[in-house]
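# I would like to see how this sequence folds:
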Amino acid sequence: MRHPADITPLTFLDYPKKAACIFWYTGCNLRCPYCYNPELVLGRGGGLDEMAFLRERAGFLDAVVLSGGEASLNPDIVPLCRQIREMGYLVKIDTNGSNPKVIRELLEEKLINYVALDHKMPSTRSWRLPGGNVLFDKFKETLRLLQIHSLPHEVRTTVHPGLLDEADILQMIREAHSLGYRNTYYLQFFFDAGKGKTLGNLPPPERRYDRRLLDDMSPLTIGYRNFPEDRYK
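Below you'll find the model as predicted:
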């Protein structure tokens with residue numbers, strides 16, 4: 001079984017209202033320039049024993065978050081989720097939505113409890129995945145599956161003013177709304193960990209978002225995460 005390359009032992013932020021840990025798996029089919037985990041995106045494998053970790057945390061943690069990289073690329077994700085659920089933990093997956101077939105299998109077996117689905121960019125600028133598939137089409141199918149199965153989920157976008165402007169963000173929110181999404185749409189400001197840390201070596205933003213414009217024009221409630229309030233209001 002493919003093991004995680006890293007484990008965050010405790011978080012109260014990544015699974016709503018639950019004490020959780022995060023398993024970080026290597027490998028991704030995208031190359032987002034704002035990604036702050038290049039070692040996971042470009043790496044292979046991992047050597048940590050996640051089951052031993054969970055046995056030690058029984059009765060202390062409520063949930064497990066599977067992240068990366070792109071966790072749905074883990075070829076062992078279905079048996080992994082079976083084991084985690086058998087131990088009594090809830091399972092959340094962070095995904096770019098590019099593998100609806102995997103998400104469907106997990107949903108049909110009732111192996112996941114929450115999904116954070118990334119909407120990466122407007123449909124007019126959507127990446128082509130390996131094999132020629134368009135990411136936005138896969139995103140739509142993944143969102144449809146979550147809705148059909150009535151699984152708790154959120155849609156979110158990581159934003160950097162140099163990559164997405166207000167018009168881009170509003171288009172993305174409207175796309176999710178047009179697909180039937182009615183929950184809070186989360187905007188996550190890119191994680192500025194210092195020059196050279198992100199996959200695309202992004203420089204600091206040169207402007208701030210007009211959050212009043214976003215709030216006034218959005219058909220959905222926007223939740224802001226990791227926004228530097230002193231500069232981005």
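# pull the helix or strand with minimum mean pLDDT from this protein.
Sorted by mean pLDDT, DSSP states H and E, the helices and strands of the chain end with helix 38-42, the least confident at a mean of 88.
# what's the residue positioned nearest the centre of the chain in contact with, if anything?
Nearest to the geometric centre of the chain sits residue 94, at 3.6 Å (CA atoms, centre = their mean). By CB atoms under 8 Å, 6 or more residues apart in numbering, residue 94 lies in contact with 14, 65-68, 71, 116, 118. In this view, the C-beta of every residue, glycine as well, is placed from N, C-alpha and C.
# how about 10 Å then?
Residue 94 makes contact with 14, 22, 24, 65-72, 114-118, 156, according to CB atoms under 10 Å, 6 or more residues apart in numbering.
# cool, residue 131 as well?
By CB under 10 Å, 6+ apart, the residues touching residue 131 are residue 29.
# circling back: partner residues bridging the residue nearest to the centre of the chain?
Here residue 94 sits in beta bridges with residue 116, going by DSSP bridges.
# Touching, residue 163 and residue 202? I think so.
Yes. If you go by CB atoms under 10 Å, residue 163 and residue 202 touch, sitting 7.9 Å apart.
# For the chain, just list every one of the helices.
38-42, 50-56, 77-86, 100-108, 135-148, 166-178, 211-217 (DSSP state H).
# need those in a markdown table with distance to residue 28, can you?
Formatted as a markdown table, the helices of the chain follow (distance: least, CB to CB, whole Å):
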| stretch | distance to residue 28 |
| --- | --- |
| helix 38-42 | 4 |
| helix 50-56 | 19 |
| helix 77-86 | 14 |
| helix 100-108 | 14 |
| helix 135-148 | 12 |
| helix 166-178 | 20 |
| helix 211-217 | 28 |
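# and residue 10, which of these is closest to it?
Residue 10 sits nearest to helix 50-56 of all the helices of the chain, at 11.3 Å, using CB to CB.
# Report all helices and strands that that closest one contacts.
strand 6-11, strand 20-24, strand 63-67, helix 77-86 (3 or more CB pairs under 10 Å, 6 or more residues apart in numbering; DSSP states H and E).
# Point out where the chain drops to low pLDDT.
When residues are selected by pLDDT under 70, those of the chain lie in 192-196, 229-233.
# a markdown table for the helices and strands packed on helix 50-56, including distance to residue 181 and mean neighbour count?
Output for those, formatted as a markdown table (distance: least, CB to CB, whole Å; neighbours: other CB atoms under 10 Å):
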| stretch | distance to residue 181 | mean neighbour count |
| --- | --- | --- |
| strand 6-11 | 25 | 14 |
| strand 20-24 | 23 | 23 |
| strand 63-67 | 21 | 24 |
| helix 77-86 | 24 | 17 |
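# could you dump the ones you listed to a markdown table with distance to residue 223?
A markdown table is the format used below for the helices and strands packed on helix 50-56 (distance: least, CB to CB, whole Å):
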| stretch | distance to residue 223 |
| --- | --- |
| strand 6-11 | 17 |
| strand 20-24 | 18 |
| strand 63-67 | 18 |
| helix 77-86 | 26 |
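# for those, which one sits closest to residue 225?
strand 6-11 (13.2 Å).
# Check which strands are paired with that closest one and give the direction for each one.
Within its sheet, strand 6-11 is paired with strand 20-24 (antiparallel), according to DSSP bridges.
# Kindly export the partner strand (C-alpha atoms) in CSV.
In CSV, the C-alpha atoms belonging to strand 20-24 read as follows (Å, rounded to 0.1, in the frame of the first residue of the first chain):
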residue,chain,number,x,y,z
ALA,A,20,-8.5,15.5,12.5
CYS,A,21,-5.1,14.5,11.2
ILE,A,22,-3.9,14.9,7.6
PHE,A,23,-2.2,12.3,5.5
TRP,A,24,-0.1,13.9,2.7
